[in-house]
Every structure is written in C-alpha cells, then in structure tokens.
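Engineer: Got a predicted structure here, sequence first:
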Amino acid sequence: MSADENVESELVVTDRREGDRRGNERRQKAIPVAVERRSGQDRRNLGERRRQVDPTTCERDYSDEEIVFMKAMDQYKRDNRRPFPTWSEVLEVLYALGYRKVAESTTLPGLPPAAGRSVPPKG
C-alpha cells in the first residue's frame, strides 16, 4: 500500500445536504404543549395591570397632585410607547397639566440649607 492510498482511506466525507443531521425534525410533529407561545398574540398586551399606577400598593400616601401626575406620566408613556421618557418629555407632561413657573427657585428637598440654591439666579 502506498502513502497516497493510506491518506485516502483515512478521509471521511460527510454529506449534510440531506435532512437534519440530528435525526427527526421535531417541529414537524404535532406534540401538544402546555402553553402555546407561537400564536402571534403579543404577550405585552396581557400585562396591562402591571403598568397601572396603583397608589395603594406603595408604602406612603400620595397627594392628589402626585396621583394626577403619575397617571398623566403613565398615559404619556403608553400613548407614545416611551417606557423611559426624557426629562424634556416629563416637562412637557407637566406643562400639559397646567404647571408653570410662577415663583423663584428654592433649595432642593433633601439638601441642607447651607448647600445654597438649587438653580443659580439669573442675571
């Protein structure tokens, strides 16, 4: 036996063009499943109750103004498909609710009085 014949005998050719190399095609079988997830129905539509603002599930009592604001933000996010609105969009919602700046800026909540004003004065 020559060296060329020895090399050829060790070669194995695999033809993968025919069928699935794993055996039977599982997707062709009609096997019942517990939950059909391929129906085309969007699962996100089913979770509507998670998106509702429910102040009773929180630890603190919200004021009426806070509840109105939370509901307006929730409505904005749903209508515009914006789960994370920008601060500019939040400001637009506040304007739509009728809020306008009518007083001078004060210290931000949570900061000590020595920290100064939250916004530098104009001028």
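Structural biologist: Sure, I can see it. Residues are numbered from 1 along each chain as shown.
Engineer: hey, which helix is longest across the chain?
Structural biologist: Across the chain, the longest stretch assigned as helix under DSSP state H is helix 64-80.
Engineer: what packs against it?
Structural biologist: Secondary-structure packing of helix 64-80 (3 or more C-beta pairs under 8 Å, 6 or more residues apart in numbering; DSSP states H and E): helix 48-51, helix 87-96. Any C-beta I mention is one placed from the backbone N, CA and C, and that applies to glycine too.
Engineer: which parts of that helix are buried?
Structural biologist: Under the neighbour-count criterion of 16 or more other C-beta atoms under 10 Å, helix 64-80 has 69, 70, 72, 73, 76, 77 buried.
Engineer: gap between residue 110 and residue 95?
Structural biologist: Distance of residue 110 to residue 95, computed by C-beta to C-beta, to the nearest Å: 25 Å.
Engineer: Which of these two has more residues huddled nearby?
Structural biologist: Set residue 110 next to residue 95 and count neighbours by other C-beta atoms under 10 Å: residue 95 wins out with 10 against 6.
Engineer: Of the buried residues of helix 64-80, which is the nearest to residue 99?
Structural biologist: Each of the buried residues of helix 64-80 was checked against residue 99 using C-beta to C-beta; the closest is residue 69, at 8.9 Å.
Engineer: looking at it, the closest one is touching residue 98, isn't it?
Structural biologist: No. Between residue 69 and residue 98 there is no contact under C-beta atoms under 8 Å: 11.2 Å.
Engineer: quick one: which of the helices and strands packed on helix 64-80 is nearest residue 102?
Structural biologist: helix 87-96 (13.0 Å).
Engineer: Run through who's touching that closest one.
Structural biologist: With C-beta atoms under 8 Å, 6 or more residues apart in numbering as the test, helix 87-96 has contacts from 69, 72, 73, 76, 80, 82, 85.
Engineer: Report the rounded mean pLDDT for that helix.
Structural biologist: For helix 87-96, mean pLDDT rounds to 97.
Engineer: And for stretch 113-123?
Structural biologist: Rounded mean pLDDT across stretch 113-123 is 58.
Engineer: Repeat that for stretch 73-84.
Structural biologist: 95.
Engineer: Can you dump the C-alpha atoms of that stretch in CSV for me?
Structural biologist: Presented in CSV, the C-alpha positions along stretch 73-84 are these (Å, rounded to 0.1, in the frame of the first residue of the first chain):
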residue,chain,number,x,y,z
MET,A,73,-47.0,60.1,33.0
ASP,A,74,-48.3,56.6,32.7
GLN,A,75,-50.8,57.7,30.0
TYR,A,76,-48.0,59.6,28.1
LYS,A,77,-45.7,56.5,28.2
ARG,A,78,-48.4,54.2,26.9
ASP,A,79,-49.7,56.6,24.2
ASN,A,80,-46.2,57.3,22.9
ARG,A,81,-44.6,53.9,23.6
ARG,A,82,-41.9,55.5,25.7
PRO,A,83,-41.2,53.4,28.8
PHE,A,84,-38.3,55.8,29.7
